[in-house]
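Trainee: sequence first, then the predicted structure:
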Amino acid sequence: VPVFAAQVLGVIDLGAPASPFSSIRLHGGSNHLLVPTGLLEIWAADTSPLNNSFAGGVVRVEGTDSVWLNSLYPAEQTSELPPEAVAILHRGGHIGRQFNPTPRRVLGSAVRSFMPRWKQEAGPFVEYTVPAMELRRLIAEAKANEESFSITYVRLPGIHGDEMWRASANGPRVEFFWNANGTQ
(Lines give C-alpha, C1' and ligand atoms only; values in the text may rest on other atoms or scores of the structure.)
Protein backbone atom coordinates (compact mmCIF):
# COMPACT_ATOMS: atom_id res chain seq x y z
CA VAL A 1 0.00 0.00 0.00
CA PRO A 2 2.77 2.56 0.71
CA VAL A 3 4.04 2.21 -2.87
CA PHE A 4 0.63 3.07 -4.28
CA ALA A 5 0.34 6.11 -1.99
CA ALA A 6 3.87 7.24 -2.86
CA GLN A 7 3.09 7.16 -6.58
CA VAL A 8 -0.15 9.07 -6.14
CA LEU A 9 1.70 11.71 -4.12
CA GLY A 10 4.51 11.85 -6.69
CA VAL A 11 7.44 10.90 -4.45
CA ILE A 12 8.37 7.66 -6.21
CA ASP A 13 8.55 6.46 -9.82
CA LEU A 14 8.40 2.72 -10.32
CA GLY A 15 7.99 2.81 -14.08
CA ALA A 16 10.03 -0.34 -14.70
CA PRO A 17 8.97 -2.16 -17.88
CA ALA A 18 7.86 -5.37 -16.19
CA SER A 19 5.68 -3.86 -13.50
CA PRO A 20 2.06 -2.84 -13.09
CA PHE A 21 3.29 0.78 -13.18
CA SER A 22 5.11 0.57 -16.52
CA SER A 23 2.93 3.01 -18.43
CA ILE A 24 1.73 5.36 -15.71
CA ARG A 25 2.69 8.97 -16.34
CA LEU A 26 3.86 10.45 -13.05
CA HIS A 27 4.54 14.07 -13.95
CA GLY A 28 2.92 16.54 -16.30
CA GLY A 29 -0.53 15.04 -15.81
CA SER A 30 -1.80 11.57 -15.02
CA ASN A 31 -2.91 9.02 -17.57
CA HIS A 32 -4.45 6.71 -14.98
CA LEU A 33 -8.15 6.09 -15.50
CA LEU A 34 -9.17 6.50 -11.85
CA VAL A 35 -6.27 7.66 -9.68
CA PRO A 36 -4.27 10.86 -10.20
CA THR A 37 -0.50 10.94 -9.78
CA GLY A 38 1.98 13.62 -8.69
CA LEU A 39 -0.42 15.30 -6.26
CA LEU A 40 2.31 16.97 -4.19
CA GLU A 41 3.91 18.42 -7.32
CA ILE A 42 0.53 19.73 -8.48
CA TRP A 43 -0.12 21.28 -5.07
CA ALA A 44 3.32 22.92 -4.92
CA ALA A 45 3.73 23.89 -8.59
CA ASP A 46 3.64 27.64 -8.05
CA THR A 47 5.43 27.79 -4.72
CA SER A 48 9.09 28.64 -4.23
CA PRO A 49 11.68 25.84 -4.12
CA LEU A 50 13.14 27.70 -1.15
CA ASN A 51 9.98 26.89 0.82
CA ASN A 52 8.83 23.63 -0.71
CA SER A 53 10.81 20.68 -2.07
CA PHE A 54 8.02 19.76 -4.50
CA ALA A 55 7.91 23.21 -6.12
CA GLY A 56 8.74 24.10 -9.68
CA GLY A 57 6.41 22.02 -11.81
CA VAL A 58 7.87 20.23 -14.82
CA VAL A 59 11.03 21.09 -16.74
CA ARG A 60 12.22 20.04 -20.20
CA VAL A 61 15.96 19.38 -20.32
CA GLU A 62 17.18 20.60 -23.72
CA GLY A 63 20.84 19.76 -23.33
CA THR A 64 23.60 18.90 -20.88
CA ASP A 65 27.19 17.77 -21.05
CA SER A 66 27.00 16.24 -17.58
CA VAL A 67 28.29 12.67 -17.53
CA TRP A 68 26.21 12.04 -14.40
CA LEU A 69 22.92 13.33 -15.81
CA ASN A 70 23.49 11.55 -19.12
CA SER A 71 24.12 8.27 -17.29
CA LEU A 72 20.61 8.48 -15.80
CA TYR A 73 18.46 10.29 -18.39
CA PRO A 74 16.85 10.15 -20.87
CA ALA A 75 17.54 6.42 -20.53
CA GLU A 76 16.50 5.44 -24.01
CA GLN A 77 16.44 1.69 -24.36
CA THR A 78 15.10 1.41 -27.89
CA SER A 79 18.35 -0.17 -29.09
CA GLU A 80 17.65 -3.08 -26.73
CA LEU A 81 14.26 -3.85 -28.33
CA PRO A 82 13.97 -6.47 -31.05
CA PRO A 83 13.13 -4.89 -34.43
CA GLU A 84 9.85 -6.83 -34.46
CA ALA A 85 8.77 -5.12 -31.23
CA VAL A 86 9.58 -1.68 -32.64
CA ALA A 87 7.58 -2.53 -35.79
CA ILE A 88 4.57 -3.53 -33.67
CA LEU A 89 4.82 -0.25 -31.76
CA HIS A 90 4.91 1.72 -35.03
CA ARG A 91 1.88 -0.14 -36.41
CA GLY A 92 -0.02 0.78 -33.24
CA GLY A 93 0.69 4.49 -33.71
CA HIS A 94 3.51 4.62 -31.13
CA ILE A 95 6.74 6.51 -31.85
CA GLY A 96 8.63 3.26 -31.41
CA ARG A 97 11.03 4.57 -28.78
CA GLN A 98 11.22 3.42 -25.16
CA PHE A 99 12.72 5.25 -22.17
CA ASN A 100 13.16 4.00 -18.61
CA PRO A 101 15.42 5.71 -16.06
CA THR A 102 14.22 3.67 -13.07
CA PRO A 103 16.65 0.71 -13.43
CA ARG A 104 19.55 3.15 -13.73
CA ARG A 105 18.76 4.46 -10.25
CA VAL A 106 17.86 1.14 -8.67
CA LEU A 107 20.63 -1.08 -10.07
CA GLY A 108 23.46 1.34 -9.31
CA SER A 109 26.62 2.45 -11.03
CA ALA A 110 28.13 -0.99 -11.65
CA VAL A 111 25.23 -2.05 -13.86
CA ARG A 112 24.46 1.47 -15.14
CA SER A 113 27.88 1.66 -16.81
CA PHE A 114 26.81 -1.11 -19.23
CA MET A 115 23.51 0.54 -20.18
CA PRO A 116 23.19 2.60 -23.36
CA ARG A 117 23.36 6.37 -22.87
CA TRP A 118 23.41 9.50 -24.98
CA LYS A 119 26.82 10.77 -26.10
CA GLN A 120 27.55 13.86 -28.20
CA GLU A 121 28.97 11.84 -31.08
CA ALA A 122 25.70 9.84 -31.26
CA GLY A 123 23.67 12.73 -32.69
CA PRO A 124 21.29 15.38 -31.39
CA PHE A 125 20.48 15.50 -27.68
CA VAL A 126 17.25 13.70 -26.81
CA GLU A 127 15.18 16.21 -24.82
CA TYR A 128 13.17 14.90 -21.86
CA THR A 129 10.96 16.13 -19.04
CA VAL A 130 11.31 15.59 -15.31
CA PRO A 131 9.77 17.19 -12.24
CA ALA A 132 11.77 20.25 -11.17
CA MET A 133 12.37 18.50 -7.85
CA GLU A 134 14.17 15.66 -9.68
CA LEU A 135 16.26 18.12 -11.70
CA ARG A 136 17.39 19.85 -8.49
CA ARG A 137 18.41 16.45 -7.10
CA LEU A 138 20.32 15.54 -10.29
CA ILE A 139 22.19 18.85 -10.28
CA ALA A 140 23.08 18.45 -6.60
CA GLU A 141 24.39 14.93 -7.29
CA ALA A 142 26.49 16.12 -10.26
CA LYS A 143 27.98 18.85 -8.05
CA ALA A 144 28.69 16.31 -5.31
CA ASN A 145 30.53 14.20 -7.91
CA GLU A 146 32.81 17.23 -8.41
CA GLU A 147 31.85 17.40 -12.07
CA SER A 148 32.03 20.56 -14.19
CA PHE A 149 28.99 20.72 -16.46
CA SER A 150 26.38 22.84 -18.16
CA ILE A 151 22.65 22.28 -18.55
CA THR A 152 19.91 24.07 -20.43
CA TYR A 153 16.28 23.57 -19.44
CA VAL A 154 12.86 25.18 -19.80
CA ARG A 155 10.31 25.41 -17.00
CA LEU A 156 7.06 24.41 -18.67
CA PRO A 157 3.95 26.54 -18.13
CA GLY A 158 1.30 24.97 -15.95
CA ILE A 159 1.52 21.50 -14.47
CA HIS A 160 -0.45 19.41 -16.99
CA GLY A 161 0.07 18.82 -20.68
CA ASP A 162 0.21 16.36 -23.52
CA GLU A 163 3.24 15.23 -25.50
CA MET A 164 3.12 18.38 -27.64
CA TRP A 165 3.31 20.47 -24.45
CA ARG A 166 6.29 18.42 -23.23
CA ALA A 167 8.11 18.82 -26.55
CA SER A 168 7.44 22.43 -27.49
CA ALA A 169 5.80 24.55 -24.78
CA ASN A 170 7.53 27.85 -24.10
CA GLY A 171 8.58 28.92 -20.65
CA PRO A 172 11.50 30.48 -18.81
CA ARG A 173 14.73 29.09 -20.29
CA VAL A 174 17.67 28.55 -17.94
CA GLU A 175 21.30 27.98 -18.88
CA PHE A 176 23.29 26.82 -15.86
CA PHE A 177 27.06 26.34 -15.79
CA TRP A 178 28.93 24.70 -12.92
CA ASN A 179 32.68 24.55 -12.49
CA ALA A 180 33.85 21.77 -10.17
CA ASN A 181 35.92 24.28 -8.24
CA GLY A 182 32.62 25.78 -7.05
CA THR A 183 32.09 28.71 -9.39
CA GLN A 184 28.96 29.23 -11.48
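Mentor: Looks like it arrived, so ask away.

Trainee: which residue ranges form the strands in the chain?
Mentor: Listed in chain order, the strands of the chain (DSSP state E) span 58-64, 128-131, 149-155, 173-178.

Trainee: nearest to His94, of the ones you listed?
Mentor: In this view, those are compared for proximity to His94 by C-beta to C-beta, and strand 128-131 is the closest at 16.9 Å. (C-beta placed from N, C-alpha, C; glycine too.)

Trainee: counting contacts, what elements does the closest one pack onto?
Mentor: For strand 128-131, the helices and strands in contact under the criterion 3 or more C-beta pairs under 8 Å, 6 or more residues apart in numbering; DSSP states H and E are strand 58-64.

Trainee: can you tell me the centre-most residue of the chain?
Mentor: Val130 (3.6 Å; C-alpha atoms, centre = their mean).

Trainee: who are the contact partners of that one?
Mentor: Val130 makes contact with 27, 58-59, 61, 73, 138 under the criterion C-beta atoms under 8 Å, 6 or more residues apart in numbering.

Trainee: now the angle from the longest helix along the chain to strand 58-64?
Mentor: Counting residues, the longest helix in the chain under DSSP state H turns out to be helix 132-144. Between helix 132-144 and strand 58-64, the angle comes out at 30 degrees (axes from the mean of the first three to the mean of the last three C-alpha atoms, to 10 degrees).

Trainee: show me what counts as buried in helix 132-144.
Mentor: By neighbour count, and taking 16 or more other C-beta atoms under 10 Å as the criterion, the buried residues in helix 132-144 are 132-136, 138-139, 142-143.
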